[in-house]
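Q: could you look at this predicted model? Sequence included:
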Amino acid sequence: MELELRHFKIICAVAEAGSITKAASTLGLAQPALTAQLHRIERALGGPLFERDRRGARPTPLGELVLARAKLLLPAVSGLREEAARFANNAALPGDTPARLRLGSATGPVLGGLVHQLNAVHPELEVTTHVSWSSEELAGMLADGRVDYALVGVCGDAPPPAQPGLIWRTLATDPVFVLLSTDHPEAGKAEVELSALAGEQWGATPGDGCFAECFAAACARAGFTPRTLYETDVVTCIDMVEAGDAVVLCQPMFREMPGVVPVPIAGNPLRWRNLVGWHPDSATASFADQLVKLAGAAYQDVIARRPRYSRFLERYPMYGVEGDRAAL
């Protein structure tokens with residue numbers, strides 16, 4: 001068997017976790033599958049890499065040798081990929097406009113608006129997109145040079161994704177609304193008390209960070225414990241709301257459509273900060289000010305097409321687009 005980088009990542013994961021079971025969970029693998037891979041790696045290297053017993057897994061002398069090499073090899077390859085990606089993206093148009101731009105996003109409405117703005121202002125610019133529910137994944141792609149800019153969201157005052165060396169700017173701060181069926185008793189109100197939804201099943205789109213914990217804390221302050229929080233895609237969320245099976249936590253820019261309505265939560269107990277991030281050493285970093293400006297314009301365009309949120313912002317001007325702020 002030819003050794004590959006993923007094999008060295010497995011060895012490092014087992015060493016860091018100190019357990020095959022914990023490493024399997026970290027890597028998203030079944031424990032038997034990881035054990036089988038580790039056996040194949042050990043056969044390729046000529047001996048056991050870990051002593052395994054009830055207390056966990058500890059490197060053998062051969063394992064220590066391989067780990068030392070892996071800890072040099074993996075960062076070197078990651079750095080090579082990052083430099084190669086930036087070099088490949090280095091061909092630029094006159095001025096600070098790159099020849100192509102790779103956007104990563106965990107936020108739906110703004111990505112489409114930003115692509116529209118870029119096509120309108122820079123029609124010669126080649127734009128590609130990558131969407132993920134994970135802000136941490138997108139931050140990793142920024143750090144590795146696989147995307148040039150990322151649009152992500154974080155809960156309340158939580159810090160940006162924990163990737164060193166990146167710059168993050170706040171694009172907007174929004175409250176979290178609740179999506180209700182138009183037949184729901186609270187649907188016609190200007191805002192709904194969280195306690196009025198104490199008996200409901202809940203839904204939300206997936207995400208990392210502390211949002212689930214912040215939601216549970218908000219419910220506790222309102223005097224109840226939420227029954228369920230389903231994590232699923234947007235289409236399924238809408239179906240569940242229409243069927244009356246759940247109410248869904250949503251962004252205030254959620255498109256209004258027949259059968260469902262986004263409603264503010266009284267007191268705005270949950271907030272969501274929308275960030276734009278990039279690597280300061282990337283070949284496209286000089287385009288950052290323009291990109292943030294166009295993202296803000298895209299955000300404003302979306303808000304203008306959401307009359308319910310526009311009316312909300314008249315009452316709560318501290319929310320919405322924050323403009324081109326200093327780096328966090």
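A: Nice, thanks for sending it over. Predicted model, so just to flag it, every value in this text is computed and none were measured.

Q: who's G203 bridged to?
A: Counting by DSSP bridges, G203 forms beta bridges with Y230, V248.

Q: what's the neighbour count on it?
A: Close neighbours of G203, defined as other Cβ atoms under 10 Å, add up to 24. All C-beta atoms are positioned from the backbone trio N, CA, C, and that covers glycine.

Q: per-residue pLDDT, it?
A: What the model reports as pLDDT for G203 is 91.

Q: looks like it contacts T232 (just checking).
A: Yes: between G203 and T232 there is a contact under Cβ atoms under 8 Å: 6.3 Å.

Q: overlap of the contact sets of the two?
A: Counting by Cβ atoms under 8 Å, 6 or more residues apart in numbering, the contacts common to G203 and T232 are M240.

Q: so how far is L62 from the residue located most distally from the centre of the chain?
A: The centre of the chain is farthest from one residue, G46, which by Cα atoms, centre = their mean lies 40.8 Å away. In this view, G46 and L62 are 8 Å apart by Cβ to Cβ, to the nearest Å.

Q: quote the end-to-end distance of stretch 219-231.
A: This stretch, stretch 219-231, spans 17 Å end to end (Cα to Cα, to the nearest Å).

Q: buried ones in that stretch, by neighbour count?
A: Residues of stretch 219-231 classed as buried: 219, 222, 226, 229 (neighbour count, 16 or more other Cβ atoms under 10 Å).

Q: could you do stretch 180-189 as well?
A: 180-181, 184, 186-187.

Q: looking at those, which are in strands?
A: Counting by DSSP state E, the part of those found in strands is 180-181.

Q: just put the buried residues of stretch 180-189 in TSV and tack on pLDDT and distance to G28.
A: Shown next, in TSV, are the buried residues of stretch 180-189 (pLDDT from 0 to 100; distance: Cβ to Cβ, whole Å):
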residue	pLDDT	distance to G28
L180	95	35
S181	94	35
H184	94	37
E186	94	39
A187	92	39
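
Q: pull the most distant pair out of the buried residues of stretch 180-189.
A: The largest separation in the buried residues of stretch 180-189, counting by Cβ to Cβ, is between S181 and E186 at 9.9 Å.

Q: run through the helices of the stretch 201-328 of the chain in chain order.
A: Assigned by DSSP state H, counting those that start in this stretch, the stretch 201-328 of the chain shows helices spanning 211-221, 234-242, 288-304, 307-315.

Q: any buried residues in the third one, and which?
A: Read it as helix 288-304. Quick answer for helix 288-304 (16+ other Cβ under 10 Å): 288, 290-292, 294-299, 301-303.

Q: what does the last one give?
A: Neighbour-count burial for helix 307-315 flags 308-309, 312-313 (criterion: 16+ other Cβ under 10 Å).

Q: wait, what's in contact with A70?
A: 8-9, 11-12.

Q: could you rerun that using 7 Å?
A: If you count contacts by Cβ atoms under 7 Å, 6 or more residues apart in numbering, A70 has them with 8, 11-12.

Q: find the nearest non-adjacent residue to it, please.
A: Spatial nearest neighbour of A70, excluding adjacent residues (Cβ to Cβ, 6 or more residues apart in numbering): F8 at 4.0 Å.

Q: on the three-state scheme, that neighbour is what?
A: When classified by DSSP: H, G, I helix; E, B strand; the rest coil, F8 comes out as helix.

Q: that one against L74, yeah?
A: Yes: checked against Cβ atoms under 7 Å, the pair F8 and L74 is within contact range at 6.0 Å.

Q: so which of these two has more stuff around it?
A: Neighbour count, other Cβ under 10 Å: between F8 and L74, F8 has more, with 19 against 15.

Q: ok, the more buried one to L65 distance?
A: F8 is 12 Å from L65, where distance means Cβ to Cβ.

Q: so where is the stretch 201-328 of the chain shaky, pLDDT-wise?
A: Scanning the stretch 201-328 of the chain for pLDDT under 70 picks out 323-328.

Q: for stretch 259-272, buried residues please.
A: Buried residues in stretch 259-272, counting neighbours by 16+ other Cβ under 10 Å, are found at 260-265, 268-272.

Q: now do that stretch: distance to the chain's middle.
A: 21 Å (Cα atoms, centre = their mean, to the nearest Å).

Q: again with stretch 114-124
A: Relative to its chain's centre, stretch 114-124 lies at 24 Å (Cα atoms, centre = their mean).

Q: domains in this protein, by residue range?
A: Per automatic domain parsing, the structural domains of the chain span 5-88, 100-174+272-321, 177-269.

Q: that older thread, can you give me the pLDDT of the residue nearest to A70?
A: Looking at F8, its pLDDT is 91.

Q: can you tell me how far it sits from H130?
A: Distance of F8 to H130, computed by Cβ to Cβ: 26 Å.

Q: same thing with P123?
A: If you measure P123 against H130 using Cβ to Cβ, the figure is 22 Å.
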